[in-house]
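> Quick one, fold the following:
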Amino acid sequence: MSIRAVVWDVDDTLFDYSTADREGMRAHLAAEGLLAGYGSPEQALVRWREITDAQWARYAAGETSFLGQRRDRVRVFLGEELSDAEADAWFERYLRHYEAAWAVFPDVVPVLDALAAGYRHGVLSNSSLTVQDRKLRVLGLHGRFESILCAAELGVSKPEAAAFLAACEALALPPHEVAYVGDHPEIDGRGAAEAGLLSVWIDREGGAVTASAPRGGHRIGTLSELPALLGADTRFGAPDTFG
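Down below sits the predicted model:
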């Protein structure tokens, strides 16, 4: 059967999270007078991203709350025993710089326009609805989606099949009639494929596909490739393109 809907990841798929996080943190650390403690701004940013990834993994595993991982990111980065209020205040100051750098990728609006008449659209994110709902509104994309689901409210996160199936249920469609587009080869790519969706991995960096790269889906370098792929769904009887 043909694809009737597309469910989207948000960060680094529709929204250029990596650039916003990098530029926002650079400006924040300069304002806080913290850059001097590192050899370069890049080293500080690498440390922040490592801590972010580690704390997000704890959140995804159910070991902490969404707010808890934010607070612990600040505490670990600063190496200080801050109160919740102090950690929240520091993170809020960072958010002001981060949000000033928000932008969608250049290929997003054109592909959403191209697919608007032929497909329904939803969102499935491993973030929280509070964060992503506001982000999509600020970016002018919110009205394009019928449903917006996030792990914090679902109680289950990608790559668990239950997260992808919840997104399909929100659209009242079976998984084989839904495509999922995301930037992470395992969390998005393999997770969607194993849940029975048409899996599309957007690899904007064009990185080499390793032996452990996900199978069962398609790899694209730009969203401009998506309309043709959806119109020629080759999951059945054709080789995958993940490598």
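
> contacts and neighbour counts: CA atoms only from here.
Will do.

> so what are the domain limits for the protein?
5-16+103-231, 17-100 (automatic domain parsing).

> Of these, flag the one that's most buried.
Of all the domains of the chain, domain 5-16+103-231 has the most neighbours on average by mean count of other Cα atoms under 10 Å, namely a mean of 19.

> what distance separates it from the middle of the whole chain?
8 Å (Cα atoms, centre = their mean, to the nearest Å).

> Now do the contacts for residue 202.
13, 181, 182, 183, 184, 219, 220, 221, 222, 223 (Cα atoms under 8 Å, 6 or more residues apart in numbering).

> Export those residues as a markdown table, with columns for distance to residue 174 and secondary structure.
As requested, those are arranged in a markdown table below (distance: Cα to Cα, whole Å; DSSP: H, G, I helix; E, B strand; the rest coil):
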| residue | distance to residue 174 | secondary structure |
| --- | --- | --- |
| 13 | 23 | coil |
| 181 | 16 | strand |
| 182 | 19 | strand |
| 183 | 23 | coil |
| 184 | 23 | coil |
| 219 | 22 | strand |
| 220 | 24 | strand |
| 221 | 27 | coil |
| 222 | 26 | coil |
| 223 | 24 | helix |
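
> what about residue 99, which helix or strand?
helix 84-100 (DSSP states H and E).

> Report the separation between the closest residue to residue 217 other than its chain neighbours and residue 150.
Of all residues not flanking residue 217 in the chain, residue 199 sits nearest, at 4.6 Å (Cα to Cα, 6 or more residues apart in numbering). According to Cα to Cα, to the nearest Å, residue 199 stands 18 Å off from residue 150.

> For the residue lying closest to residue 47 once chain neighbours are set aside, report the pLDDT, please.
Using Cα to Cα, 6+ apart and skipping the chain neighbours, the partner closest in space to residue 47 is residue 77 (7.5 Å). pLDDT, residue 77: 95.

> again with the one 10 residues further on
Model confidence at residue 87, expressed as pLDDT, equals 98.

> One more: residue 211?
34.

> what's downstream of the longest helix seen in the chain, the next helix or strand?
Longest helix in the chain, counting residues (DSSP state H): helix 41-60. The helix or strand immediately downstream of helix 41-60 is helix 66-78, counting by DSSP H and E.
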